[in-house]
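*Asks:* generate a structure from the sequence data that follows.
(3 chains)
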Amino acid sequence: MSALLDIRGVTRRYPQPRRHLLHPEPPLVAVNDVSARIAPGETLGIVGESGSGKTTLARMVMGFETPDEGQVLFDGEDLHDLSAAALRQRRRAFQMIFQDPYGSLDPRRSVGWSVAQPLRAIGQTSNRRAVEDVLHRVGLDPADGNRFPHEFSGGQRQRIAIARAIASRPKLIVADEAVSALDVSVRAQILNLLMDLQEEFGLAMLFISHDLSVVASLCDSLLVLRGGRTVEHGPAQDILAAPATEYTATLLAAARLDPPTGVPA
Amino acid sequence: MRAHRAINLWLGAALVLPMIAIAAISLIWTPYDVTLLDVGNKFAPPSPSHWLGTDQLGRDVASLLMSASVNSLTVAFVAVGMGGSLGVMLGLLASAFGGWVETLVMRLADLGFAFPALLFAIMLATAFGPSLSNAILAIAFINIPVFARVARGAANQVWTRDFVLAGQAAGLGRARLTFDHILPNIAAPIIVQATIEFAVAILAEAALSYLGLGAQPPLPSWGRMLSEAQTLMYLAPELAIYPGLCIIIAVLGFGLLGDGLRDVTDPRLKQVRA
Amino acid sequence: MIEANDITVRFGTAEALRGINLTLSPGQRLGIVGESGSGKSMLGLSLMGMLPDAAGMSGQIRIDGTDMTGAKIASWRAIRARKVAMIFQEPLAALNPLRRVGNTVMEPLRQHLGHSKDAARARVLQLFEETGIQDPVAKFRQFPHELSGGQRQRVLISLALACNPKVLIADEPTTALDAHVALRITDLLVRLAEERGMALVFISHDLAAVARTAQDIAVMYGGEIVERGPVHAVLSSPHHPYTQGLLLARPALGAGHLRERLPVIPGTVPAMRDLAVGCRFSGRCAVELPHCATERPASRPVGAHHDAACHRIGAAT
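*Replies:* Below is the predicted model:
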């Protein structure tokens, strides 16, 4: 199958403030020569700790940042080669869900307004029905469109953010720690919703998380990052069954629900 | 806790609202015509017919003060409105584009800060003659950098929020994002700043008029009343005290109102309360 | 070491905590798990006498033999740091950014224990050593922002341990940390509790972290402890429907579970004032009985040192 998203050897460096008068600080390499592919309808999990470069990678896939080297191809087109106007036009096909459900919705705008935003951007102005449909689809009351974000709980807000992300019928969703801020019981609801939507719309997903147990539940393949470099990359089940590096093994241990060993209970 | 913080707001409103009411009344009614001279009855003490007495030309002081309040408020409103809108626009522009645009706008703002308003007013007066509208322009001018800075600072914070990124992901450009997300979310600090600048503008108008660079006779103005009363300080000190008090009340009122608004709209304080 | 009896905390008419009983012996490690709104942080604060002013508390608390029931701020201050200490989720927020971390940790030693400057300094270096801070002499002179998240948390632990408390309360100490750092911090807490014979109350939303750290686990929901017992027992045979739901809602790590839908607990945690009078979990519970919403279930033993508060227990099923 041809790839929907093809990340080809991307590198992103950030200049560092000079600490010494004569020697310029070497740039921070946030993402270092990372490659990955996602086929339509497939999910790639990106796992890593803070500073691993996973968020920078997501931002490059979303076209918020331009890689210093390498390419991001979406549907065969290099996103960072497109003009600003052309990129804006393609945006309906890839959407994002953010970590913080409190920060990703404009507190001064109604829920319906926010959900309709991607539709308005593509010129669909009479979108009442579409907004109600999509709110219903994520398990909210269609009438909730008239309410404001502060009236909702974290889990409900994340549903609203998901509704906004799927409103323009994208092919790819980038979810950056989308369930990390949620409680366990709510997290399961949101994960189930994402799985349902994925099957229903044939969505491909780039799912970023520090928590391997979450990633394991819905990813076909895994990319483990550390310090901007690829540590492991391959089918998720293989990596989970037999992590090749100690780093991945540690992440796995942190996610596992094991009672302490060697301590009498 | 909450009541304690809101006290500025209520105190400010208690000073400002009656003043606005009096100014509004003076538009349709004052006890006497402010241009009416009655030299035979000059320096009259307060009495039922002249509540605050009369001045050196026999004009009714209460009526003068009432009419002058309209000028003060209008000058402040127009000047802050003009300077504020321009400043906010520049600030938003700087924040939306960043890079050299932001640097340019902010350095210009620094320049504006460094430039004394009085000097600008004197320049305007020399070029076009002293008038109230030139005073307005001068006051508006000093407000531009103030608002540009506040708007840019607040806007820069909003730009980092995820919902702006979501709008960007939806395919919106900077201009749309600015109007859809940035402007509504910086409205609170802008309004607060405007209220505080209002107090500054009233003071500035009084100062300019006092120096003869603002309201020209026969237009009544607190600042001009003050300067006219100056020469009569020993003869009739109350003629200086009344307009002085009016200026103090107006400046204090708007200042408190602005502080109060800031207190109740500051989200950081809101979190503590929640 | 710490004994809490029937602790109830009210905000107006809403109950943030209801009838909490706790007993910890020296060296015992109790984990408290719960979702947001479960009251777990409130419980931690009430054991420190640090509840917000608006809170009304009833019940008895004894800490290391001292009865703290209805104690005033001054008597709480007298036992804080020396008998009971606390560490928090965000170590950066808990440290003064303008002070060298060594000086911060020295302060309680000089203040409470009256150590001389040199003695305090030596003790700080010792504490840094004990909490696994590499190169203590250099770290002593650094500012909080110069340290990594894990190092900061270790500094905070040193600070908490400075006056040799009998009880350490750790509120989400690993939540802000990366996985491998979190693992080391929980290991450290276990070791410190064992070596010092110090009781540890480990509060977290993360079941895995609690399971790694504690011997006993208390599951909180709606301001109550709904189930409590040894970690093994609670995790392998949960008796309360909420505990069961919580465990099932965790994605499985093994093979063959890809895109498997997770069993969910329906609904969300209700707001404090919307909680049911009876069982707090009623309304979301799959096996609810008619009287659950109105009658409060008592805690009943379901195994060795293992209790759960559910009307189903003991009733015909």
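*Asks:* residue C:194 is in contact with residue C:28, isn't it?
*Replies:* No - contact criterion C-beta atoms under 8 Å: residue C:194 and residue C:28 do not qualify, at 10.3 Å. C-betas here are computed from N, CA, C, even on glycine.
*Asks:* higher neighbour count, these two?
*Replies:* residue C:28 (19 against 13; other C-beta atoms under 10 Å in any protein chain shown).
*Asks:* contact partners for that one?
*Replies:* Neighbouring residues of residue C:28 by C-beta atoms under 8 Å, 6 or more residues apart in numbering or on different chains: C:1, C:193, C:199, C:200, C:215, C:216.
*Asks:* need the pLDDT of it.
*Replies:* Reported pLDDT at residue C:28 in the predicted model: 95.
*Asks:* and it, how far from chain A?
*Replies:* As judged by C-beta to the nearest C-beta, to the nearest Å, residue C:28 and chain A stand 12 Å apart.
*Asks:* so which strand or helix has residue C:17?
*Replies:* Taking DSSP states H and E as the definition, residue C:17 sits inside strand C:14-24.
*Asks:* tell me the helices and strands packed up against that strand.
*Replies:* In terms of contacts (3 or more C-beta pairs under 8 Å, 6 or more residues apart in numbering or on different chains; DSSP states H and E), strand C:14-24 is packed against strand C:2-11, helix C:40-48, strand C:224-230.
*Asks:* buried ones in that strand, by neighbour count?
*Replies:* Going by neighbour count (16 or more other C-beta atoms under 10 Å in any protein chain shown), the buried part of strand C:14-24 is C:15, C:16, C:17, C:18, C:19, C:20, C:21, C:22, C:24.
*Asks:* all strands for the stretch 101-250 of chain A, in order.
*Replies:* A:172-176, A:204-209, A:221-226, A:229-235 (DSSP state E, counting those that start in this stretch).
*Asks:* would you mark the buried spots in the longest one?
*Replies:* This means strand A:229-235. A:230, A:231, A:232, A:233.
*Asks:* tell me which entries of the contacts of residue C:28 lie within strands.
*Replies:* C:199, C:200, C:216 (DSSP state E).
*Asks:* any idea which of those residues is closest to residue C:132?
*Replies:* residue C:200 (16.3 Å; C-beta to C-beta).
*Asks:* give me the most central residue, the chain.
*Replies:* Looking at chain A here, since you left the chain open. Here the mean C-alpha position of chain A is nearest to the C-alpha of residue A:175 (C-alpha atoms, centre = their mean), at a distance of 2.1 Å.
*Asks:* look at chain C instead
*Replies:* residue C:203 (2.3 Å).
*Asks:* how much space between it and residue C:209?
*Replies:* Going from residue C:203 to residue C:209 by C-beta to C-beta, to the nearest Å gives 10 Å.
*Asks:* now residue C:30
*Replies:* Taking C-beta to C-beta, one finds residue C:30 at 14 Å from residue C:209.
*Asks:* where do the contact lists of these two overlap?
*Replies:* residue C:202.
*Asks:* between these two, which has more neighbouring residues?
*Replies:* Between residue C:30 and residue C:209, residue C:209 has the larger neighbour count (other C-beta under 10 Å), namely 25 against 22.
*Asks:* contacts only, for residue 150.
*Replies:* Because you didn't say which chain, this covers chain A. residue A:107.
*Asks:* not quite, go with chain C.
*Replies:* Per C-beta under 8 Å, 6+ apart, neighbours of residue C:150: C:177, C:178, C:181, C:184, C:185.
*Asks:* quick check, residue A:72 in a strand?
*Replies:* Yes - counting by DSSP: H, G, I helix; E, B strand; the rest coil, residue A:72 is found in a strand.
*Asks:* that one touches residue A:11, doesn't it?
*Replies:* No - Residue A:72 lies out of contact with residue A:11 (C-beta under 8 Å); the separation is 11.7 Å.
*Asks:* which residues of the chain score low on pLDDT?
*Replies:* In the absence of a named chain, chain A is used. For chain A, the stretches flagged by pLDDT under 70 are A:1, A:258-265.
*Asks:* actually chain B
*Replies:* Ranges of chain B meeting pLDDT under 70: B:1-5, B:266-274.
*Asks:* let's go with 80 and repeat that
*Replies:* B:1-6, B:35-36, B:39, B:116-118, B:218, B:262-274 (pLDDT under 80).
*Asks:* residues from it in reach of chain A?
*Replies:* By C-beta under 8 Å from any C-beta of the partner chain, the part of chain B that sits against chain A consists of B:161-163, B:165-173, B:180-181, B:184-185.
*Asks:* wait, which of these is closest to residue C:251?
*Replies:* For the residues of chain B next to chain A, the nearest to residue C:251 is residue B:162 (24.8 Å; C-beta to C-beta).
*Asks:* great, nothing more from me.
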